[in-house]
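> Any chance you can model this:
(2 chains)
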Number of protein chains: 2
Amino acid sequence: MTLLDPTVDDYVAGVLAGNRVLLSRAVTLIESQSPLDEKKAQKVLQKLLPHTGKAKRIGITGAPGVGKSTFIEAFGCYLINQGHSVAVLTIDPTSKLSGGSILGDKTRMENLSRQARAFIRPSPAGESLGGVARRTRETMLLCEAADFDLILVESVGVGQGEVALRSMVDFFLLLLLPGAGDELQGIKRGVIEMADDILITKADGENRPRAEQARLEQQAALSFLQPATPGWKAGAALSSARTGEGIPQVWERMEQFFRQLEPQGLIAKRRQQQAVDWMADLIRDELQRRFDRHPRVQARFPALRESLLRGEITAVSAAGLLLADFDGGPENADL
Amino acid sequence: MTLLDPTVDDYVAGVLAGNRVLLSRAVTLIESQSPLDEKKAQKVLQKLLPHTGKAKRIGITGAPGVGKSTFIEAFGCYLINQGHSVAVLTIDPTSKLSGGSILGDKTRMENLSRQARAFIRPSPAGESLGGVARRTRETMLLCEAADFDLILVESVGVGQGEVALRSMVDFFLLLLLPGAGDELQGIKRGVIEMADDILITKADGENRPRAEQARLEQQAALSFLQPATPGWKAGAALSSARTGEGIPQVWERMEQFFRQLEPQGLIAKRRQQQAVDWMADLIRDELQRRFDRHPRVQARFPALRESLLRGEITAVSAAGLLLADFDGGPENADL
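From the prediction side, this is the model:
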């Protein structure tokens, strides 16, 4: 069955039935920037909302080269063998369009992509971080409605992406390479503070002693930080996707996390806060976008910035002039 | 000489001459929320701008009870004995009006306030953090124009205030109590990462061993963090305002900081970035303020938030509805 232009009800029924083709197309609808598609996507989501929220949402991050895809492949296959159904959403900062990177990622997770109970979908990073977060969050909801019980969201551990990722998942796993110190430099300050657990990857062969050393250092570093999730003590462990070591233990830790926090209502509370924060983020992004795209603001900004850098004008005056430009536009009579 | 209503030129001449009365009144002008005063204040600042930027800007923070005022009193008196002139700007989150807290703070720093080359001025916290930052930044400029060569800005080490403080100073000093662990709980995550140095206060008498223990722990914690100022290695030291121990060393460290970073242009570069960031913050705050105060947005927000918390609506839909309210208002035809 291939629908040329599925209706809202087609999408809803298809996703609820776990139809992969319609799920994929619903994700594409969500990623569309056409206002018509956006409206349709919101209608689909609105109808699916009562069926969402049941999955465990896991964020996985780490610097390029740490072996995220290899870990997720091994971890995902393990989970499926345990009877779970797993959706993997990866945020690909190098791709603006989803077309190309899908194949790339499918190839990177060959075994996992062959599993019937797996769904792998890369999100193009798009133009703004808010955009990434928005599409990935909503794709997560679609996957929940399609009855996946575990959602793994992967992002590259550089830049602001981790804050966005942390703000949409229940559990946040940070992957680090053996040998702390230098390797840590690729990780943005504050990322370790957001982790619910740290996993040292590639802890096999001659890497092994360095990995154990890194684990001890990370364990020490964590002891100086407040927990990312109140009531949960983050730890550092070793894993090897090659030997399979540590993979079941990662899942044991996550199960323990949910077993401990869910009955206290802490997961539900975190999700509520995330939803409210997300709404505020969307509004702030949109207000800023309107300002940044205003023709008069754009025309005046470079010269004002230069004056500011040369110390010829105060920041308050510069901001005031730009806001006056924004207000003075023909489309706006806000003040 | 008491001017009933000083002109812009009166203010400029008075501040440049180091007239304390006019300096104080210029600060009051900057703190005023009347649009007329705001305009006048900007004119004063614009004329004073060429005379600003020469002071070293030091931020000092720490949880309530750590002894910030006592430290600043001892440190400020030491600096004045060394031939410096010192302006102390304190951000008082408990006061909305400056009237009451001035006396309070003057009393807290009795010796320092008697010094001819000291100027102590508390900023009322006011309604918004952006507001605090704005007034304090501009007061800092006034003090520079009045030829103070050291500006100490103090804030209470809880909440978001540290980020604002970090963003307006060259050097950021964090005060901690002896005995790490529990005492650290009052310090927000991320504050330690912003510190250029950590000072363990009250390191005297029976506190001494605990203070030394805390210093070692902080030193270890710092080794896991990237430096707040690239090229500068933050350290942890002990001090006692009672015995005077450690006070000259704090200043030595700061002098070393400026000696090392100024010739490389790193201080100037940081200040330029701070000015650009500040402008962006002011614009974002103002855009958000307009949104938050919009009558239709205010009317709809509580019910939408409830729906969001109950999971009846997506964050994207909720944000869209509020933005439509904002656009649909009679004063606005932005879209």
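> number of nearby residues for residue A:256?
For residue A:256, the number of neighbouring residues by other C-beta atoms under 10 Å in any protein chain shown comes to 11. Every C-beta, even on glycine, is put in place using the N, C-alpha and C of the backbone.
> for the one 10 residues further on, same thing?
As a burial measure, the neighbour count of residue A:266 was computed by other C-beta under 10 Å and equals 18.
> excluding its backbone neighbours, what's nearest it?
Setting aside the residues directly before and after it, residue A:266 is nearest to residue A:231 in space (C-beta to C-beta, 6 or more residues apart in numbering or on different chains), at 6.7 Å.
> Parallel or antiparallel, list what pairs with the helix or strand hosting residue A:88.
Per DSSP states H and E: residue A:88 is located in strand A:86-92. Using DSSP bridges, the strands paired with strand A:86-92 are strand A:118-124 (parallel), strand A:150-156 (parallel).
> For the ones you listed, give me a markdown table that also has mean pLDDT, mean neighbour count and distance to residue B:140.
Below are the strands paired with strand A:86-92 laid out as a markdown table (pLDDT from 0 to 100; neighbours: other C-beta atoms under 10 Å in any protein chain shown; distance: least, C-beta to C-beta, whole Å):
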| stretch | mean pLDDT | mean neighbour count | distance to residue B:140 |
| --- | --- | --- | --- |
| strand A:118-124 | 85 | 23 | 44 |
| strand A:150-156 | 89 | 25 | 38 |
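> secondary structure class for residue A:233?
coil (DSSP: H, G, I helix; E, B strand; the rest coil).
> One more: the one 3 residues further on?
The three-state label for residue A:236, taken from three-state DSSP, comes out as strand.
> do the same with residue A:212
Assigned with three-state DSSP, residue A:212 falls in the helix class.
> I figured it hits residue A:203, correct?
Yes - with contact defined as C-beta atoms under 8 Å, residue A:212 counts as touching residue A:203 (7.4 Å).
> circling back: how far off centre is the strand holding residue A:88?
8 Å (C-alpha atoms, centre = their mean, to the nearest Å).
> returning to that earlier point: pLDDT at the residue nearest to residue A:266, what is it?
Predicted confidence (pLDDT) for residue A:231: 90.
> Could you do the one 3 residues further on as well?
The confidence metric pLDDT takes the value 94 at residue A:234.
> quick one: contacts for it?
Residue A:234 sits next to A:195-198, A:222, A:225, A:227-228 when contact means C-beta atoms under 8 Å, 6 or more residues apart in numbering or on different chains.
> at 10 Å instead, please
A:172-174, A:192-198, A:218-219, A:222-223, A:225, A:227-228, A:253, A:257 (C-beta atoms under 10 Å, 6 or more residues apart in numbering or on different chains).
> Just the buried ones from those residues?
Buried members of the contacts of residue A:234, scored by 16 or more other C-beta atoms under 10 Å in any protein chain shown, are A:172-174, A:192-198, A:218, A:222, A:225, A:228, A:253, A:257.
> Surely residue A:213 and residue A:200 touch.
Yes - using C-beta atoms under 10 Å, residue A:213 makes contact with residue A:200 at a distance of 9.3 Å.
> Have a look at the two and say which one is more surrounded.
residue A:200 (30 against 15).
> Distance check, the more buried one against residue A:176.
Using C-beta to C-beta, to the nearest Å, residue A:200 is found at 6 Å from residue A:176.
> cool, and residue A:39?
Separation of residue A:39 from residue A:176 (C-beta to C-beta): 43 Å.
> Where is the longest helix in chain A?
If you go by DSSP state H, chain A has its longest helix at helix A:266-293.
> need the next SSE after that one, C-terminal direction.
helix A:295-309.
> Packing partners of that following helix?
Judged by 3 or more C-beta pairs under 10 Å, 6 or more residues apart in numbering or on different chains; DSSP states H and E, helix A:295-309 is in contact with helix A:266-293, helix A:315-328, helix B:266-292.
> what about the ones you listed, which gets the closest to residue B:139?
Of all the helices and strands packed on helix A:295-309, helix A:315-328 sits nearest to residue B:139, with 12.3 Å by C-beta to C-beta.
> which stretches of chain A have low pLDDT?
A:1-2, A:92-107, A:124-133, A:156-160, A:180-189, A:329-335 (pLDDT under 70).
> Nearest the geometric middle of it, what residue?
Closest to where the C-alpha atoms of chain A average out (C-alpha atoms, centre = their mean) is residue A:165, at 3.5 Å.
> name the element that one belongs to?
Applying DSSP H and E, one finds residue A:165 within helix A:161-166.
> how far out from the middle of the chain is that helix?
6 Å.
> And for stretch A:75-91?
On the basis of C-alpha atoms, centre = their mean, stretch A:75-91 sits 16 Å off its chain's mean C-alpha point.
> Would you confirm that residue A:199 belongs to a helix?
No - assignment of residue A:199 by three-state DSSP gives strand, placing it outside any helix.
> Can you tell me, leaving aside adjacent residues, what's nearest to residue A:10?
Nearest non-adjacent residue to residue A:10 (C-beta to C-beta, 6+ apart): residue A:3, at 5.7 Å.
> Residue A:291 contacts residue A:300, doesn't it?
No - the pair residue A:291 and residue A:300 does not pass the contact test of C-beta under 10 Å, sitting 12.0 Å apart.
> Between those two, which contacts overlap?
The overlap between the contact sets of residue A:291 and residue A:300 (C-beta under 10 Å, 6+ apart) consists of A:322, A:325-326.
> with these in mind, which one is nearest to residue B:273?
Nearest member of the shared contacts of residue A:291 and residue A:300 to residue B:273, counting by C-beta to C-beta, is residue A:322, at 18.0 Å.
> Name the nearest residue to that closest one, ignoring sequence neighbours.
That would be residue A:297: by C-beta to C-beta, 6+ apart, it lies 5.5 Å from residue A:322.
> So what's the residue count around that neighbour?
Neighbour tally, residue A:297, other C-beta under 10 Å: 20.
> got a list of what it touches?
A:290-291, A:304, A:321-326, A:329, B:283.
> Residue A:174 now?
Residue A:174 neighbours (C-beta under 10 Å, 6+ apart): A:59-63, A:66, A:157, A:162, A:187, A:191-200, A:218, A:228, A:234, A:236.
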